[in-house]
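A.B. asks: Test case, fold it:
(2 chains)
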Amino acid sequence: MNFDGLIEISGYGAHVWSAYIICLSILIYNAISAIKSYNTARDAAKN
Amino acid sequence: MFLNTATIILFIIGLYWSLVIAPADYQQGDVYRIIFIHVPAAWLSMAVYVIMAVAGTVTLIWRAKIAEIICVQAAPVGLSFTVIALVTGMLWGKPTWGTYWVWDARLTSELILLFLYIGVVGLYKSISDARSAARACSILSIVGVVNIPIIHFSVNWWNTLHQGATVTKLSAPSAHSSMLYPLLFMGCTFFIYFVTILFIRSRSDILKRERGKQWVQEIFNEF
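C.D. replies: Predicted coordinates:
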């Protein structure tokens, strides 16, 4: 993607970007908390 | 590890397809791009609840531990999908309908699904014995599954502001292939994400329940 493409997608508007940012934040938070929970359970089970 | 990597790669491809390759809609412009996350999240919010109800049924009939674990560990992921579906739907509704929220049948039944998920998650956390908690969650999952056909068919049964089916119509889907394919791709990506997170959460729950058992120690000794 070139610079013009970046300018174009940056103009999608606040609603589109808010939706994508909120969605990805929730998905990433879910993944991180699941991995953290697994690491804690694994460490506890090891000892 | 394979699933984790595959999920990340699929998301990168899906986001690029949705945000860069897919063309703008001739009526809605670029705002329609929200559907690439809204629709898969809504699909998964319903599919996860059905999976929970099936696992709940297996739990109550055969008392299978793995079904208990699937039922309770899928709930927080399903809750996330429901929140995403509602929030992104609101963000799409404002520029297209002129309002964030209306009490129409589709939106209200999806909100009820959110409360059902909160109920399952809350119920599991409020009972200290994991097996009793799982059985209680199974019952709630089975009772609540009646809401899923209501959500799906609400746009047919009632006159709603939310548009009717686009992809799952019995005739050909009304979306153009340049928009339909990235939507289906994102749907698959969301499903693989769900499977990945469910595996991690289930492994974690199994380790918590079976901590101290010999077979767990043997697995750790092998590695």
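A.B. asks: quick one: pLDDT of B:Lys169?
C.D. replies: The confidence metric pLDDT takes the value 59 at B:Lys169.
A.B. asks: my bad, should have said A:Glu8
C.D. replies: 76.
A.B. asks: what's B:Arg131 in contact with, if anything?
C.D. replies: B:65, B:68 (CB atoms under 8 Å, 6 or more residues apart in numbering or on different chains). Yep, even glycine has a C-beta here, placed from its N, CA and C like the rest.
A.B. asks: Now do the SS call for it.
C.D. replies: B:Arg131 falls in the helix class when you classify it by DSSP: H, G, I helix; E, B strand; the rest coil.
A.B. asks: Tell me how far it lies from chain A.
C.D. replies: 17 Å (CB to the nearest CB, to the nearest Å).
A.B. asks: go on, B:Val121?
C.D. replies: To chain A, B:Val121 is 13 Å away according to CB to the nearest CB.
A.B. asks: Point out the other helices and strands that whatever helix or strand that residue lives in packs with.
C.D. replies: Assigned by DSSP states H and E, B:Val121 belongs to helix B:105-126. The criterion is 3 or more CB pairs under 8 Å, 6 or more residues apart in numbering or on different chains; DSSP states H and E, and the helices and strands that helix B:105-126 contacts are helix B:35-62, helix B:65-97, helix B:130-144, helix B:147-157.
A.B. asks: Please spell out which residues along the shortest one are buried.
C.D. replies: Across helix B:147-157, burial judged by 16 or more other CB atoms under 10 Å in any protein chain shown covers B:147-148, B:150-152, B:154-155.
A.B. asks: Check the second one too.
C.D. replies: Of the residues in helix B:65-97, those buried by neighbour count under the rule 16+ other CB under 10 Å are B:65, B:67-93, B:95.
A.B. asks: burial of A:Ile35, as a residue count?
C.D. replies: Look at A:Ile35: counted by other CB atoms under 10 Å in any protein chain shown, it has 15 neighbours.
A.B. asks: Same question for B:Tyr49.
C.D. replies: 26.
A.B. asks: What pLDDT is listed against it?
C.D. replies: Per the predicted model, pLDDT is 97 at B:Tyr49.
A.B. asks: so who does it touch?
C.D. replies: B:78, B:113, B:116-117, B:141, B:144-145, B:147-148.
A.B. asks: out of the residues you listed, who's nearest B:Asp129?
C.D. replies: The nearest member of the contacts of B:Tyr49 to B:Asp129, counting by CB to CB, is B:Ser141 at 17.9 Å.
A.B. asks: Where does the residue in chain B sticking out farthest from the centre fall, secondary structure wise?
C.D. replies: Distance from the centre of chain B peaks at B:Asn221, with 36.2 Å (CA atoms, centre = their mean). In this structure, B:Asn221 is located in helix B:214-222 according to DSSP H and E.
A.B. asks: hmm, that helix in reach of chain A?
C.D. replies: Yes: using CB under 8 Å from any CB of the partner chain, helix B:214-222 reaches chain A at B:216, B:220.
A.B. asks: got the buried residues for that helix?
C.D. replies: Result for helix B:214-222 [16+ other CB under 10 Å]: buried residues B:Val216.
A.B. asks: Show me the contact partners of it.
C.D. replies: Outside helix B:214-222, the residues that reach it (CB under 8 Å, 6+ apart) are A:45-46, B:207, B:210.
A.B. asks: Could you rerun that using 6 Å?
C.D. replies: A:45-46, B:210 (CB atoms under 6 Å, 6 or more residues apart in numbering or on different chains).
A.B. asks: So which of those belong to helices?
C.D. replies: Those of the contacts of helix B:214-222 mapping onto helices are A:45-46, B:210, per DSSP state H.
A.B. asks: Chain neighbours aside, what residue packs nearest to B:Asn19?
C.D. replies: Quick fix: residue B:19 is Leu, not Asn. A:Ile9 (5.6 Å; CB to CB, 6 or more residues apart in numbering or on different chains).
A.B. asks: what kind of secondary structure is B:Asn159 in?
C.D. replies: coil.
A.B. asks: What pLDDT does the model give it?
C.D. replies: 83.
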